[in-house]
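Kindly generate the corresponding structure for this input.
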Amino acid sequence: MNKERLKRHREIAQATEIIEKLLNETTISDIRIISTQKYILDLFSINIEETNIPSGLENSPELYLENIDPFALNNSIFDFYQILKNLGDDITICDIGSANSLLSITANLFFPKVKIISIEPVASRMSEAIKLNEKLESNHEFYKMLFNEVTIEIRYDYALIYFPTGKTLENILSKIMNSSNAKMGIMAIESHGDLINRLNQNGCLSLDKTVSKLISPRHDPLVHLYQYNQQALRSKTDEVLEKLYDQEKSVIEIETNSKKWIGLTERSDVHFKQNQQFIINLKYPPRSVSSEDKFKFISIKEIDFETQVLLNLIKYPFSIIRKIYPNDKIFENSRGEIISY
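Below is the predicted model:
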């Protein structure tokens with residue numbers, strides 16, 4: 001064994017000892033996690049400091065940031081270490097939105113038989129992982145693009161996702177499930193929000209098992225492994241979300257007490273609860289619609305011109321319009337008054 005290999009072997013042994021010791025502790029502060037991770041990466045001259053996002057991508061929803069603390073979005077080397085240790089060798093993981101590709105760095109150093117496919121649109125974020133990959137002559141793959149831009153067929157055992165619910169997630173799930181890779185699974189880490197509840201409401205996914213209690217703070221501290229069933233039927237939630245994010249179906253019609261009122265789906269978000277329930281939070285008007293309510297999505301083209309004008313006025317900052325009842329040609333204002341139009 002030459003001097004370089006011997007040095008690397010000692011560094012890995014030292015890093016492994018530090019990781020194992022930290023994972024056996026009961027209480028670990030955020031500062032300790034960050035500082036110890038930096039110490040370990042410094043052993044290998046690896047710097048994964050966040051880089052500037054190129055112009056044009058900073059507001060992209062597919063970067064999964066949206067004013068969220070990076071510590072809440074990124075997983076630590078300790079969490080990735082125990083995940084890979086529990087899953088075993090000879091597996092391939094597709095890390096979607098991999099950021100600095102710390103998962104591939106962890107595999108490179110400690111689990112050389114594991115293959116990581118990192119997909120990340122900001123190339124500079126992956127630079128350290130790519131350099132390490134070339135230095136160690138590993139077999140990881142790196143794609144400098146958004147996941148939905150990947151046109152080749154990627155083969156993997158698990159797709160790793162850990163970002164917010166919303167249109168981007170639905171697009172990614174759709175792409176995963178339309179793949180010919182029928183035996184793949186999904187590995188989910190809930191960084192914030194209600195990702196796990198959303199996946200539990202997907203009709204084609206079934207929870208296989210949970211592994212690795214994470215040391216980084218998470219709403220749900222477990223890693224959830226799902227299997228995809230091509231033969232299963234889509235759930236009500238799946239169908240509702242498809243229509244909610246369909247640009248052709250930009251109006252939602254809700255029936256309350258035998259009266260139908262309408263709102264816009266634009267900038268709406270969904271809160272996923274347990275027991276297959278959810279709440280749609282409308283922005284225009286600011287109202288909530290429960291999964292138990294009677295509602296449907298329609299095209300703006302089905303709305304008459306006068307009502308379309310009122311719908312657009314709802315979006316103004318100081319709009320007094322609260323609910324529009326198109327069949328009765330009336331709307332409710334902010335003071336609860338009913339006005340004809």
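
how much space between Leu214 and Ile116?
Leu214 is 18 Å from Ile116, where distance means CB to CB, to the nearest Å. Every C-beta, even on glycine, is put in place using the N, C-alpha and C of the backbone.

ok, these two, which is more surrounded?
Ile116 (30 against 20; other CB atoms under 10 Å).

Which secondary structure state does the more buried one sit in?
Classification of Ile116 using DSSP: H, G, I helix; E, B strand; the rest coil returns strand.

next one: Glu239
Under three-state DSSP, Glu239 falls in the helix class.

ok, it - how many residues close by?
By the criterion of other CB under 10 Å, Glu239 has 12 neighbours.

ok, now how distant is it from Ser35?
In terms of CB to CB, Glu239 sits 47 Å off from Ser35.

Then Thr256?
54 Å.

Repeat that for Thr16.
As judged by CB to CB, Thr16 and Ser35 stand 18 Å apart.

So for these two, which sits in the more crowded spot?
Legend: neighbour count by other CB under 10 Å for Thr16 and Ser35, higher for Thr16 (14 against 11).

In contact with that one, which residues?
Residues near Thr16 by CB atoms under 8 Å, 6 or more residues apart in numbering: Phe110.

ok, 10 Å please
Residues in contact with Thr16 (CB atoms under 10 Å, 6 or more residues apart in numbering) are Ile40, Tyr81, Leu109, Phe110.

and which of these is nearest to Ile314?
Distances from Ile314 to these, taken as CB to CB, are shortest for Tyr81 (49.9 Å).

pretty sure that closest one contacts Glu20?
Yes: counting by CB atoms under 10 Å, Glu20 is a contact partner of Tyr81 at 8.6 Å.

Counting neighbours, go ahead and name the busier of these two.
The neighbour comparison of Tyr81 against Glu20 (other CB under 10 Å) goes to Tyr81, with 24 against 13.

could you measure that one against Thr27, distance?
Note on Tyr81: its distance to Thr27, by CB to CB, is 19 Å.

Kindly report the same for Lys283.
For Lys283, the distance to Thr27 equals 40 Å [CB to CB].

and these two? which has more neighbours close in?
The residue with more neighbours, out of Lys283 and Thr27, is Lys283; 15 against 6, by other CB under 10 Å.

Now the more buried one: closest residue in space that isn't a chain neighbour?
Spatially, and ignoring its direct neighbours in sequence, Lys283 is nearest to Arg267 (4.0 Å; CB to CB, 6 or more residues apart in numbering).

just Ile46 next, same as before
Spatially, and ignoring its direct neighbours in sequence, Ile46 is nearest to Glu128 (5.2 Å; CB to CB, 6+ apart).

Show the contacting residues for that neighbour.
Glu128 neighbours (CB under 10 Å, 6+ apart): Leu41, Phe44, Ser45, Ile46, Asn47, Ile48, Glu49, Asn100, Ser101, Leu102, Ser104, Ile105.

out of the residues you listed, which are buried?
Burial of the contacts of Glu128 was assessed by neighbour count (16 or more other CB atoms under 10 Å); the buried members are Leu41, Phe44, Ile46, Ile48, Asn100, Ser101, Leu102, Ser104, Ile105.

Return the member of these nearest to Lys315.
Using CB to CB, Asn100 comes nearest to Lys315 of these, at 37.8 Å.

which stretches of the protein form helices?
Assigned by DSSP state H, the chain shows helices spanning 3-23, 30-43, 70-73, 77-87, 102-110, 127-136, 167-177, 195-200, 236-244, 305-314.

Single out the most deeply packed of the ones you listed.
Ranked by mean neighbour count under mean count of other CB atoms under 10 Å, the helices of the chain are led by helix 102-110, which reaches a mean of 24.

Could you list the low-confidence segments of this structure?
1, 50-73, 181-183, 192 (pLDDT under 70).

rewinding a little: just the closest of the contacts of Glu128 to Tyr325, please.
Tyr325 has its nearest neighbour among the contacts of Glu128 in Asn100, at 51.5 Å by CB to CB.

which ones are touching the closest one?
Neighbouring residues of Asn100 by CB under 10 Å, 6+ apart: 46-51, 70, 74, 118, 120, 122, 124-129.

The closest residue to Ile130 other than its chain neighbours and Lys113: what is the separation?
Leaving aside its sequence neighbours, Ile130 sits nearest to Phe142 (CB to CB, 6+ apart; 5.6 Å). Here Phe142 is placed at a distance of 19 Å from Lys113 (CB to CB).

Can you pick out the residue with more neighbours from these two?
Phe142 (19 against 11).

wait, that one sits on Ser101?
Yes: with contact defined as CB under 10 Å, Phe142 counts as touching Ser101 (7.0 Å).
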